[in-house]
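# Okay, here's the prediction I keep looking at, along with the sequence it came from:
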Amino acid sequence: MATVLAPSACWRRVGGPPLAAPPRAVVRGGREVAARDAGPGWAHAKRAIEVAFSSSGRPRIGRVRKVGHGLSNEVYAAHVELVPDPEGRSGTYAAFVPARGSTPRTRASWQREAALLARVAAGTRAIRVPALTAIVPVDGVDIVVRPYLEGIPLDLRAGRQGGVAPWDVVAQVAATVHAVDADGIPGIEGHATRRAHATSEISALHGVPELREAERWALDHLPEEEAAALIHGDLLGQNILLHGEQPYAVIDWEYATRGDPAYDMAIVTRGSARPFQIGHGLRRLLDAYAAQGRPRIEAAAVHLYELCLVGRWYRNAIDGMGDGGGEPPDQLLRRVENVFRRARAASGGHGQL
């Protein structure tokens, strides 16, 4: 996953005038990210962009800037001007350079994602998605080059972006993704049914005495044997970009698969008592999702995946796997207990772990 730091685009309040656009320079903490701060990734990105357009006339590559980073990739962008440019391909492009110390994604993985996004782009104009320009080998690693999608990352906290209601944005994006027909796309795996997905996730709770009651509740509240849908798998705010003149952009599809739409909601709410830092945040999200014409998702279905998510963090923390969400085990166990109480309440039961 790569986090966009400050892309150069303006956006509007819902029903309001444009907000001031951020400066064209990419900034981090108010300072431009200069090439000299980018390390060797900058040189690799520049080379990849040059090679990607080496057969397209006389490419003019503008300044390469670092615009994002994540566990898997560092992201660099530059404006490319093609002379001549009969297909109108000139524009800003991004290069995804494997982060130091990470395991680079395979070429096949990028190709699978590209095939999926081509299907999404062909199936809807409600969202913007990345398109693959080239996969360029540089110094033994594959660097992906694709058009740079401009936008401001969605802030999931209510009231932080003028009149933007983040639950509405997430609901619109999720409903659009879940409506895409993923059949026949090579390499898109996952689960055949919602119940199969839930059963797989619940395995994270198995064998931990403190999670036994949560596991029992989850198994008693499995979803129906309904067909799975395409899910994004990581619909956090940094992966949804707002733009004043274009549809929302959705990036970082590395975890897209077939599964239960409720899972995408749980990734956003993450077991919080007040999703979006507002009262009844989960209800607002699910109401907005149903208003998009999708089958209604019940709160208990979301809580099931929240239990699995936080329970996995707890299990990892006590096993010393270092993937406990940065919280100590006792704090994570309290989070599990809180999610479990809300899950029981949503399903008409009472009690605690």
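Happy to help now that I have it.

# From the centre of the protein, give me the residue that's furthest out.
Most distant residue from the mean C-alpha position of the chain: Pro84, 36.0 Å away (Cα atoms, centre = their mean).

# my read: that one touches Arg60, true?
No. Counting by Cβ atoms under 8 Å, Pro84 stays clear of Arg60, with 12.0 Å between them. C-beta: built from backbone N, CA, C; applies to glycine.

# Next, show the common contact partners of those two.
Here Pro84 and Arg60 share no contacting residue, scored by Cβ atoms under 8 Å, 6 or more residues apart in numbering.

# Tell me who's in contact with the closest residue to the residue farthest from the centre of the chain other than its chain neighbours.
Take Pro84 and drop its neighbours on the chain: the residue closest to it by Cβ to Cβ, 6 or more residues apart in numbering is Gly57, 5.3 Å away. Residues in contact with Gly57 (Cβ under 8 Å, 6+ apart) are 82-85.

# pLDDT weak spots in this protein?
For the chain, applying pLDDT under 70 flags the ranges 1-39, 322-325, 349-353.

# ok, 80 please
1-39, 57, 321-326, 349-353 (pLDDT under 80).

# May I have stretch 147-167 as PDB, with CA atoms only?
Provided in PDB are the C-alpha atoms of stretch 147-167 (Å, rounded to 0.1, in the frame of the first residue of the first chain):
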ATOM      1  CA  PRO A 147      -1.000   7.500 -15.200                       C
ATOM      2  CA  TYR A 148      -1.000   9.500 -12.000                       C
ATOM      3  CA  LEU A 149      -4.500   9.900 -10.600                       C
ATOM      4  CA  GLU A 150      -4.900  13.300  -9.000                       C
ATOM      5  CA  GLY A 151      -7.000  13.900  -5.900                       C
ATOM      6  CA  ILE A 152      -7.100  14.600  -2.200                       C
ATOM      7  CA  PRO A 153      -7.200  11.500   0.100                       C
ATOM      8  CA  LEU A 154     -10.500  11.200   1.800                       C
ATOM      9  CA  ASP A 155     -10.400  12.000   5.500                       C
ATOM     10  CA  LEU A 156     -12.600   9.500   7.300                       C
ATOM     11  CA  ARG A 157     -13.200  11.900  10.200                       C
ATOM     12  CA  ALA A 158     -16.500  13.700   9.900                       C
ATOM     13  CA  GLY A 159     -16.300  17.500   9.300                       C
ATOM     14  CA  ARG A 160     -12.600  17.500   8.200                       C
ATOM     15  CA  GLN A 161     -13.300  18.200   4.500                       C
ATOM     16  CA  GLY A 162     -16.000  20.800   4.400                       C
ATOM     17  CA  GLY A 163     -19.300  19.300   3.400                       C
ATOM     18  CA  VAL A 164     -17.900  15.900   2.400                       C
ATOM     19  CA  ALA A 165     -19.700  13.100   4.300                       C
ATOM     20  CA  PRO A 166     -17.100  10.400   4.400                       C
ATOM     21  CA  TRP A 167     -19.600   7.600   5.000                       C
END
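
# and that stretch, which residues are buried?
147-156, 158, 161, 164-167 (16 or more other Cβ atoms under 10 Å).

# element containing Arg344?
Here Arg344, judged by DSSP states H and E, is contained in helix 329-346.

# swap in Leu219?
helix 212-220.

# Now do that helix and helix 329-346, the angle between them.
On the basis of axes from the mean of the first three to the mean of the last three Cα atoms, to 10 degrees, helix 212-220 is oriented at 40 degrees to helix 329-346.

# where along the stretch 201-350 of the chain do the strands fall?
For the stretch 201-350 of the chain, the strands defined by DSSP state E, counting those that start in this stretch cover 229-231, 240-242, 248-250, 257-259.

# Tell me which of the ones you listed approaches His191 most closely.
strand 257-259 (5.4 Å; Cβ to Cβ).

# Determine how far the closest one lies from the middle of the whole chain.
14 Å (Cα atoms, centre = their mean, to the nearest Å).

# I'd like to know how many residues surround the closest residue to Lys46 other than its chain neighbours.
The shortest distance from Lys46 to any residue other than its chain neighbours is 4.7 Å, reached at Val64 (Cβ to Cβ, 6+ apart). By other Cβ atoms under 10 Å, the residues close to Val64 number 24.

# Kindly reformat the strands of the stretch 201-350 of the chain as JSON lines containing distance to Glu210.
Output for the strands of the stretch 201-350 of the chain, formatted as JSON lines (distance: least, Cβ to Cβ, whole Å):
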{"stretch": "strand 229-231", "distance to Glu210": "29"}
{"stretch": "strand 240-242", "distance to Glu210": "34"}
{"stretch": "strand 248-250", "distance to Glu210": "36"}
{"stretch": "strand 257-259", "distance to Glu210": "26"}
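
# TSV please, covering the ones you listed and showing mean neighbour count and distance to Ile318.
Below are the strands of the stretch 201-350 of the chain laid out as TSV (neighbours: other Cβ atoms under 10 Å; distance: least, Cβ to Cβ, whole Å):
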stretch	mean neighbour count	distance to Ile318
strand 229-231	25	28
strand 240-242	25	33
strand 248-250	23	35
strand 257-259	22	27
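
# Which strands or helices does the longest helix along the chain pack on?
Criterion DSSP state H: the longest helix present in the chain is helix 299-318. In terms of contacts (3 or more Cβ pairs under 8 Å, 6 or more residues apart in numbering; DSSP states H and E), helix 299-318 is packed against helix 194-202, helix 212-220, helix 261-269, helix 281-291, helix 329-346.

# closest to Tyr255 out of these?
helix 261-269 (8.9 Å).
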